[in-house]
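> just a sequence and a predicted model for now, questions to come.
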Amino acid sequence: MSLTAPLAALGRTVLSALALIGRVALYALATVSHLFRPPFYGREFLHALVQIGWLSLPVVGLTALFTGGALALQIYAGGSRFNAESVVPSIVAIGMARELGPVLGGLMVAARVASSIAAEIGTMKVTEQIDALVTLSTHPMKYLTLPRVLAATLAVPVLVAVGDSIGIMGGYLVGITRLEFNAAAYLKNTADFLELWDVVSGLIKGAVFGFIVATMGCFYGMQSGRGAQGVGRATKSAVVAASVLILAANYILTELFFSA
Amino acid sequence: MIELHNVHKAFGSNKVLRGVTLSIPRGSSLVIIGGSGTGKSVALKCILGLIEPDSGTITVDGKDVHQGDRDEFLARFGMLFQGGALFDSLPVWQNVAFRLLRGSLKRPKAQAREIAIEKLRRVGLKPETADLFPAELSGGMQKRVGLARAIAADPEIIFFDEPTTGLDPIMAGVINDLIREIVTEMGATAMTITHDMSSVRAIADNVAMLHDGVIKWTGPVAGMDNSGDPYLDQFIHGRATGPIEAVR
């Protein structure tokens, strides 16, 4: 084996990763560009809104409820080391609104929605339904991608807002039942310290995460290889890519919004 | 008139089409035969613009298929896909009327449904089928729905990709007869790709044999049995020995 073989392998990996990033970026740009060009398929958009938004409510709500409760317990336990138990309401609220609501909501939607979009579009591709769309004078990106991406971009911030509220409620329930907080004082503390920007920044993150989730689902679905294995690989890649991109985007957005 | 001139297409190192030259006169029915993996579907998808050839020209009525208004171009075509390619999320009638519910051929929903039911009737399906979903249909019924969708907008040119694959011989015969009747009745130009020799004899005016990426033989269906072409002879008689290697 040549001494340069490992370097060549590394180079190939880097080049293919860069090519993938380029393809994803072009795909995302093309999706956005279709937003400004007719036709717009309203029925598909409403269907996607129900699938992505409404049907994700239970999973996002339950995740937020348990996370808010656990967060209250952790902050109480940690805060008690330096007599700061009273910060539980404000930290739960700020933590849910800024970080945990959007990130966990985004990850749950990624698991549920990116996989389902990739599997659906991947199956359509291997059964020639995408080719059929083209022969029926319908652009697959307009008919399949744009409605899903737009619906996710609009629905995930709403899910995040609902998740934030449920998460704060979870913290509140644990606070008053397990940690002996006064109910009125807990609520007042939450309201006093939670700022509008805490909530708005989380909603902006939610919109970005929604865009990422649907774009990854559609992109990998369209790239799906043949057969069950191809669709399975596309589904897995969509969830992994969406999850990693959500965490990376979260860091970047946090830097942008909150670094001094 | 559909014309392919010296069309080449490769996928990586796999050269699928190596100079296909073919013409299909308006109103005629051409069947392309050839073994699996010889590039029949690729040739068909090149004409529709679903795949771009590496070189060569493809024209329909003298116009390059890759130039001009795509919607206008595709509105002239109907296509029956091998597996039906029906949209799972839509009921049968919306599959059939897909083109009539959106785009340049859009019309009121009630009218589109009426046309869909008429086309379903034309392919031998009852109006009750209209509200079923594709998953509720047998393979033969799915092919019929695919056929109804292909003819829904009264296209000038219809492509059939392996129309009888996966069907029992009786249902295959029914589909072949339907295709022949519909093509004749509509006066459409038809191009079919198949391995099924009973389809060839039922549907074709002319036959072209594609092998090794080139057209080995082309002529009227009546001349197929006495062509003297060893490739065509081996294929139509299903012989394991001959110029076409049995294991590819």
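Structure received.
> residues of chain B that sit close to chain A?
B:45, B:48-50, B:70-71, B:74-75, B:77-79, B:81-83, B:85-89, B:98-99, B:102-105, B:149 (C-beta under 8 Å from any C-beta of the partner chain). Where you see a C-beta, it was placed from the backbone N, CA and C, and this is true even at glycine.
> those in strands, which ones?
B:77-79 (DSSP state E).
> state the distance from the spatially most central residue of chain B to chain A.
Centroid check for chain B by C-alpha atoms, centre = their mean gives B:Phe160 as the closest residue, at 1.8 Å. To chain A, B:Phe160 is 12 Å away according to C-beta to the nearest C-beta, to the nearest Å.
> beta partners for that residue?
With DSSP bridges as the criterion, B:Phe160 is bridged to B:Leu80, B:Thr192.
> these two touch, right, B:Arg102 and A:Arg43?
No: using C-beta atoms under 8 Å, B:Arg102 is not in contact with A:Arg43, being 9.4 Å away.
> list the contacts for B:Ala112?
Residues near B:Ala112 by C-beta atoms under 8 Å, 6 or more residues apart in numbering or on different chains: B:97, B:100-101.
> is it true that it lies in a helix?
Yes: assessed with DSSP: H, G, I helix; E, B strand; the rest coil, B:Ala112 lies in a helix.
> per-residue pLDDT, it?
pLDDT, B:Ala112: 95.
> swap in the one 3 residues further on?
pLDDT, the model's per-residue confidence, is 95 for B:Ile115.
> against chain A, how distant is it?
Per C-beta to the nearest C-beta, B:Ile115 is found 14 Å from chain A.
> that residue against B:Ala152, yeah?
Yes: checked against C-beta under 8 Å, the pair B:Ile115 and B:Ala152 is within contact range at 6.5 Å.
> and these two? Which one has more around it.
Higher neighbour count among B:Ile115 and B:Ala152: B:Ala152, with 24 against 19, using other C-beta atoms under 10 Å in any protein chain shown.
> pull up the overlap in contacts between B:Ile115 and B:Ala152.
By C-beta under 8 Å, 6+ apart, the residues touching both B:Ile115 and B:Ala152 are B:96-97, B:100.
> buried residues in stretch B:185-200?
Within stretch B:185-200, the residues that count as buried by 16 or more other C-beta atoms under 10 Å in any protein chain shown are B:186, B:188-196, B:199-200.
> can I get these in CSV including pLDDT and secondary structure?
Shown next, in CSV, are the buried residues of stretch B:185-200 (pLDDT from 0 to 100; DSSP: H, G, I helix; E, B strand; the rest coil):
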residue, pLDDT, secondary structure
B:Met186, 88, helix
B:Ala188, 90, coil
B:Thr189, 93, strand
B:Ala190, 92, strand
B:Met191, 94, strand
B:Thr192, 94, strand
B:Ile193, 92, strand
B:Thr194, 91, strand
B:His195, 86, coil
B:Asp196, 87, coil
B:Ser199, 89, helix
B:Val200, 92, helix
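> farthest-separated two in those residues?
B:Met186 and B:His195 (25.2 Å; C-beta to C-beta).
> rewinding a little: can you redo the shared contacts of B:Ile115 and B:Ala152 as JSON lines with neighbour count?
Shown next, in JSON lines, are the shared contacts of B:Ile115 and B:Ala152 (neighbours: other C-beta atoms under 10 Å in any protein chain shown):
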{"residue": "B:Val96", "neighbour count": "32"}
{"residue": "B:Ala97", "neighbour count": "28"}
{"residue": "B:Leu100", "neighbour count": "23"}
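> residues touching the closest residue to chain A within chain B, list them.
Nearest to chain A, among the residues of chain B, is B:Ala85, at 3.9 Å (C-beta to the nearest C-beta). B:Ala85 makes contact with A:127-129, A:131-132, B:146, according to C-beta under 8 Å, 6+ apart.
> who are the packing partners of the one helix or strand A:Ser237 maps to?
Secondary structure from DSSP states H and E places A:Ser237 in helix A:227-258. The contact analysis (3 or more C-beta pairs under 8 Å, 6 or more residues apart in numbering or on different chains; DSSP states H and E) places helix A:227-258 against helix A:101-109, helix A:115-126, helix A:196-222.
> among the ones in strands among the residues of chain B next to chain A, who's most crowded?
Counting by other C-beta under 10 Å, top hit in these: B:Gly78 with 28 neighbours.
> up against chain B, what does chain A have?
Within chain A, the positions near chain B by C-beta under 8 Å from any C-beta are A:39, A:41, A:47, A:124, A:127-129, A:131-132, A:134-138.
> out of the residues you listed, who's the most crowded?
Neighbour tally across the residues of chain A next to chain B (other C-beta under 10 Å): the maximum, 27 neighbours, falls on A:Leu136.
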